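Student: Kindly generate the corresponding structure for this input.
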Amino acid sequence: MSDSLVIIPTYNEKENIESIIRAVFKEEKKFAILIVDDNSPDGTATIVEQLIPEFANQLFIEKRTGKDGLGTAYIHGFKWALAKNYEYIIEMDADFSHNPKDLVRLYNACAKENADVSVGSRYVNNQVNVVNWDIKRLLLSYFASKYVRFITRIPLFDTTAGFVCWKRKVLETINLDKIKFVGYAFQIEMKFKAWKHKFTIKEVSVVFTDRDLGTSKMSGNIVSEALFGVIKMRLNGLSK
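Tutor: Alright, predicted model coming up:
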C-alpha cells in the first residue's frame, strides 16, 4: 500500500479521466488515487469503475449523488484518506492543468524537506508560470492571489492554487466540518487555517497548463466567493 493518496474530484471529465489516471500510475513514486465523482452525467464514473480491476488496491472511487462543489468533494476525500491511514494526501485536477510529473516534487517537499503543506505554485517570487490562459483570466487569478495575501497576510504567492500536498497531521488538526467555502475560496481557507495553526507551508514552482479537453468549472459565483469571502475569513480567523 502506498503512503500517498492523490484525490481527483470529477464532474464530466470523460475526455481526461483515463489518461490522467494512467499518467499518475506511470510515475516512479507509487501513488494511490481516489476519484470523487459528483454524479457526472457523461459517464466519468463508469470509466473509472472499468479501470479498477486493472489497478486493484491502487484506484478507488467515491460516488456522490449531486454536484455539491469542489470544497465538499475534497473534504469527502480528506476524510476517506484519513480513515484509510494515508500519510500524504494530494489535491489534483483531472484535466492535466496539474502535471503528474510534479507529484513527486510536492511529495518530496513534505516527506523529505520538512514541509507540512506543499503548494504547486504558479506565481513563486511573482514569476507567472501559466500556459494557454487568456489575459483576462490570468490577471484575475494573479491579482486575486495578491489580494488574498494582502487581506489575510498569509505569506504565499499562490493562495488560490489547487495542486497541494498535505501531511495527515494537518488535516487531522483542521476542523474539516467547519470549512465554510465550497468553490475556489476553499483553497484559500484551507491554506489560511494551516498557516494560522503554524504549520510550515512550502511553495513548489510548477507550470499550470489550461485544459485541452472538457469544460472549465470556473464561474462568476466562484470568483465572488473567493474575493469577498476572504475578508470574513480573516475576521473570523480560527474561531468559526
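Student: Can you classify residue 90 as helix, strand or coil?
Tutor: Here residue 90 is strand, with the state taken from DSSP: H, G, I helix; E, B strand; the rest coil.
Student: So what's the residue count around residue 189?
Tutor: By the measure other Cβ atoms under 10 Å, the count of residues near residue 189 is 24. All C-beta spots, glycine's among them, are computed from the backbone N, C-alpha and C.
Student: State the distance from the nearest residue to it once chain neighbours are set aside to residue 208.
Tutor: In space, residue 189 comes closest to residue 181 once its chain neighbours are excluded; the distance is 5.1 Å by Cβ to Cβ, 6 or more residues apart in numbering. Taking Cβ to Cβ, to the nearest Å as the criterion, residue 181 is separated from residue 208 by 21 Å.
Student: Compare those two (neighbour count), which wins?
Tutor: For residue 181 versus residue 208, the count of surrounding residues by other Cβ under 10 Å is larger for residue 208: 25 against 22.
Student: wait, isn't that one in contact with residue 97?
Tutor: Yes. The pair residue 208 and residue 97 passes the contact test of Cβ atoms under 8 Å, sitting 5.6 Å apart.
Student: Can you give me the end-to-end span of stretch 199-207?
Tutor: Distances were taken as Cα to Cα, to the nearest Å; on that basis the terminal residues of stretch 199-207 are 25 Å apart.
Student: Give me the buried positions along that stretch.
Tutor: Residues of stretch 199-207 classed as buried: 199, 200, 201, 202, 203, 204, 205, 206 (neighbour count, 16 or more other Cβ atoms under 10 Å).
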